[in-house]
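**Student:** Need the 3D shape of this:
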Amino acid sequence: MHEAFQYPKYVLKRKFFSFANKFYVYNPKDEVVFFSHQKMFKLKEDIRVYSDEEKSQELLLIQARQVIDFAASYDVIDATTQVHVGIIRRKGFRSMVRDKWHLLTPSEEELGTIEEDSLGSALLRRFILGSLLPQTYHVQVLGDPVATFRQRFHLLRYVLEIDLSENSREKLDPRMGIAAGILLGAIEGRQN
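**Tutor:** Model prediction:
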């Protein structure tokens with residue numbers, strides 16, 4: 001596994017003025033350790049994650065299985081080894097009220113969930129405050145908390161803190177954690 005996956009915390013930032021979603025993921029030393037460029041107007045999501053903005057080394061592939069699927073499943077593949085790391089599946093209609101995702105093994109066995117902080121906050125966000133009330137997601141694997149994704153309020157860009165420090169028993173593969181953070185920025189971040 002690439003050394004960029006070793007950190008317990010990251011910060012993901014999406015550029016605001018861009019024709020395509022560009023995500024920069026920083027380590028605790030404020031160095032870019034991942035760069036992702038999501039092409040616009042694609043019917044089938046195909047997100048590539050690189051080690052830097054020059055795209056010198058491809059690290060992850062995040063690929064949708066279907067074209068425009070409300071309850072989409074995304075395969076996470078380690079680009080350096082071609083190993084299928086796992087699946088991240090959006091919970092379709094349930095995510096309209098409160099965002100929920102499932103983490104699955106490559107053989108599609110349930111591993112864990114990513115869920116928006118609370119129903120009350122989710123309803124306030126969707127119908128009254130919008131992006132003025134940042135989102136928080138809690139990640140559980142096999143019933144144990146392993147990570148938190150916390151959006152920071154910012155007027156001109158999307159900023160998401162990725163905290164994998166609760167993952168002391170390594171129940172969550174860090175590649176799945178980074179892929180989930182980028183997906184949240186790409187898919188849920190569009191709602192704002």
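**Student:** Roughly how far does the spatially closest residue to residue 160 that is not a sequence neighbour sit from residue 100?
**Tutor:** What sits nearest to residue 160 in space, not counting adjacent residues and going by Cβ to Cβ, 6 or more residues apart in numbering, is residue 12, at 4.4 Å. (Each C-beta comes from the backbone N, C-alpha and C, glycine too.) To residue 100, residue 12 is 20 Å away according to Cβ to Cβ, to the nearest Å.
**Student:** who has more neighbours, these two?
**Tutor:** Higher neighbour count among residue 12 and residue 100: residue 12, with 23 against 17, using other Cβ atoms under 10 Å.
**Student:** nearest spatial neighbour of residue 25, skipping sequence neighbours?
**Tutor:** With Cβ to Cβ, 6+ apart as the criterion, residue 25 has its nearest non-adjacent residue at 3.7 Å, and that residue is residue 34.
**Student:** Could you list the alpha-carbon positions for the one helix or strand the one you found maps to in CSV?
**Tutor:** Element membership of residue 34, judged by DSSP states H and E, is strand 32-38. Extracted as CSV, the C-alpha positions of strand 32-38 are listed here (Å, rounded to 0.1, in the frame of the first residue of the first chain):
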residue,chain,number,x,y,z
VAL,A,32,-1.0,17.3,-0.9
VAL,A,33,-0.9,13.5,-0.8
PHE,A,34,-3.9,12.7,-3.1
PHE,A,35,-5.3,14.5,-6.1
SER,A,36,-8.5,13.6,-7.8
HIS,A,37,-10.0,15.0,-11.0
GLN,A,38,-13.6,14.1,-11.7
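**Student:** What residues of that strand count as buried?
**Tutor:** For strand 32-38, the neighbour count (16 or more other Cβ atoms under 10 Å) marks 33, 34, 35, 36, 38 as buried.
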